[in-house]
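[1] Compute the structure for the input listed below.
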Amino acid sequence: MARDYVRRSKSQKTSRGSRAGGRARAPERRIPWLALILALALLGGLGYLILLIKGSAAPPPAPPASAPAAAQQGAPVNPIDQKPVEKWRYIEQLENKEIIVDVPKPADERNKPAPEPAKSYVMQCGSFRSADQAEQLKARIAFQGLASEVRRSEGSNGIWYRVIMGPYPSQRAAEQDKHKMSRLNTDCVVRQG
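    Model (predicted):
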């Protein structure tokens, strides 16, 4: 059912609980007692803390000019004001001390076998029949910031031009450069030698 809000009678407006005399009365404001008590307690605690800190402060030091005058009159001297007396003599003893050490050569050093030759690793990145193709790959490797060389080898199959990188001190170092070369879509083989 539709309602007609424009043509309502005055009796319907006042029947909703509002007074006939005018506006509704504003609610009374309450005093926030809890917040007021907490604020006063906080201020009191802060004042007490400041009083404690102020009372524990040391008195200001006396000027240095009056200290010798007090010492001459026989007043007690503060031990903090005196220069410390060194009671250790080890510094003087160590300055004049000389130590001689004999270090014999170990016997096992003479009987030590010759060290094994260090293993080195090289990486072959390509093998071509023409020197131009090998030089092109060498240039692509150089653009990556790596060094390589072209080696010519003759065998039963004819002449080959190999692009070699290295030598590397460890296989791990060779593998790191191998991953850089895989970004260029160039497969390399790490071998010992």
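[2] what helix or strand is residue 141 on?
    helix 131-143 (DSSP states H and E).
[3] Which residues outside that helix are in contact with it?
    125-126, 128, 147-150, 152, 161-163, 165, 181, 184, 186 (Cβ atoms under 8 Å, 6 or more residues apart in numbering). All C-beta atoms are positioned from the backbone trio N, CA, C, and that covers glycine.
[4] Go ahead and produce PDB holding the CA coordinates of the helix or strand containing residue 175.
    When elements are assigned from DSSP H and E, residue 175 belongs to helix 171-182. Extracted C-alpha coordinates of helix 171-182, given in PDB (Å, rounded to 0.1, in the frame of the first residue of the first chain):
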ATOM      1  CA  GLN A 171      85.700 -27.800 -13.300                       C
ATOM      2  CA  ARG A 172      83.400 -25.500 -11.400                       C
ATOM      3  CA  ALA A 173      84.900 -22.400 -13.100                       C
ATOM      4  CA  ALA A 174      84.500 -24.000 -16.500                       C
ATOM      5  CA  GLU A 175      80.900 -24.900 -15.800                       C
ATOM      6  CA  GLN A 176      80.100 -21.300 -14.900                       C
ATOM      7  CA  ASP A 177      81.400 -20.100 -18.300                       C
ATOM      8  CA  LYS A 178      79.500 -23.000 -19.900                       C
ATOM      9  CA  HIS A 179      76.200 -21.600 -18.500                       C
ATOM     10  CA  LYS A 180      77.100 -18.200 -20.000                       C
ATOM     11  CA  MET A 181      77.600 -19.800 -23.300                       C
ATOM     12  CA  SER A 182      74.300 -21.600 -23.100                       C
END
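[5] Quick check: which helices or strands does that helix pack against?
    Contact analysis of helix 171-182 by 3 or more Cβ pairs under 8 Å, 6 or more residues apart in numbering; DSSP states H and E lists strand 121-128, strand 158-168, strand 189-192 as its packing neighbours.
[6] rank these by mean pLDDT and give me the bottom one.
    Least confidently modelled of the helices and strands packed on helix 171-182 is strand 189-192, at a mean of 83 by mean pLDDT.
[7] looking at the helices and strands packed on helix 171-182, which is closest to residue 82?
    Closest to residue 82 of the helices and strands packed on helix 171-182, according to Cβ to Cβ: strand 158-168, at 68.6 Å.
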